[in-house]
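K.L.:
Structure for the following, please:
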Amino acid sequence: MTLPHLLDHLVYATPNLADTVDALHAQLGVAPSAGGQHPTLGTRNALLALGPRVYLEIVGPDPDQPAPASPRWFGIDSLSEPRLVAWCAAAPNLAQLHAQATAAGVPLGDVRSGGRVRPDGVALTWHVTTPPNSVRRGLIPFFIDWLDSPHPAETAAAGATLVDFHAEHVWPDVLRSHYTTLGVDVPVHSASTAALVAVIEGPSGRVILR
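P.N.:
As a prediction, this is how the structure comes out:
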C-alpha cells in the first residue's frame, strides 16, 4: 500500500445548509461557494477551499429535492446542529485499497460510483468507498478517486486555510493502528469522547469545527 494517502476533504454536516454557510461566512470572512445537488440522496453542498487540493464540504438537506427513501448520509437527519462528521482521503485504485484494508480488519464499505453537476454545468464523477452513516464511524476515513474530474478545491471559494486537523479518541493507539493500516497520517489525541477537530483560519478570524 502506498503511503501516505492525502487528506482530500472534510465533511461538515448540518440540518440547515443556508444557515451554516452564512455562519461560516461571518466567522471566516469567506463565503463558501455553491457546490451542487446529490441526485436521489436529498442533499446538496457548499465548498470552501483549504488548500490546492483540500476543501471543506458543507452538506445538508436539499429543499429542492424530495425526501429520499432512505436516511440521508452522514446522519444528517438526526443532527440538531452542525457537526464535523467525516473526513476523506484521496487514493487511486480503490478496489486494491478496499481489499487490503478488509484483509487487515478495517472494513471500508463498498466501492461505488458517484457524481454531481457543478453550478457552471461541469459534471464531476468519482469512485468512493461507502461514506460513514454515523458520527462515530466518521473517525475512519472514506476514500475517493476523482478519476478525470477537476478537483473541487480548484473552483471552491478561496481565502481560508486549514491550520490543524486531528482526531480524538478514548483509545488513541487503536485508532492510530487503523490509520497506519489505511496509509493515512493524521494525529490522534487522547480524549474522553471521540471527535474530529479542524481549525480553519480566514481573513476575519478562526473557527474550530468538531
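K.L.:
CA only for contacts and neighbour counts going forward, please
P.N.:
Will do.
K.L.:
which parts of the lowest-mean-pLDDT helix or strand in the chain are buried?
P.N.:
One helix or strand of the chain scores below all others by mean pLDDT, DSSP states H and E: strand 111-117, with a mean of 86. Using 16 or more other Cα atoms under 10 Å as the test for burial, strand 111-117 gives 111, 115, 116.
K.L.:
what sits up against that strand?
P.N.:
36-39, 94-95, 98, 123-130 (Cα atoms under 8 Å, 6 or more residues apart in numbering).
K.L.:
For the residues you listed, which single residue is the most surrounded?
P.N.:
residue 128 (24 neighbours; other Cα atoms under 10 Å).
K.L.:
Okay, now the unreliable bits of this protein?
P.N.:
1-4, 131-137 (pLDDT under 70).
K.L.:
where do the strands sit along this structure?
P.N.:
Assigned by DSSP state E, the strands in the chain fall at 6-13, 33-38, 43-51, 54-61, 83-90, 111-117, 123-129, 142-145, 161-169, 188-190, 195-202, 205-209.
K.L.:
Now do the fourth one: distance to the chain's middle.
P.N.:
Yep, that's strand 54-61 we're talking about. 7 Å (Cα atoms, centre = their mean, to the nearest Å).
K.L.:
just the shortest one next, same as before
P.N.:
In terms of Cα atoms, centre = their mean, the centre of strand 188-190 is found 20 Å from the chain centre.
K.L.:
So what are the sheet partners of it and their directions?
P.N.:
Strands that pair with strand 188-190, judged by DSSP bridges, come out as strand 161-169 (parallel).
K.L.:
tilt between the partner strand and strand 6-13?
P.N.:
Relative orientation of strand 161-169 and strand 6-13, computed by axes from the mean of the first three to the mean of the last three Cα atoms, to 10 degrees: 80 degrees.
K.L.:
mind listing what's buried in strand 161-169?
P.N.:
161, 162, 165, 167, 168, 169.
K.L.:
ok, these vs residue 144, which is closest?
P.N.:
Of all the buried residues of strand 161-169, residue 144 sits closest to residue 165, with 18.6 Å by Cα to Cα.
K.L.:
So which of the strands of the chain is nearest residue 73?
P.N.:
strand 43-51 (8.5 Å).
K.L.:
Which residues does the closest one contact?
P.N.:
By Cα under 8 Å, 6+ apart, strand 43-51 touches 17, 21, 31-38, 55-62, 65, 72, 152-162, 200.
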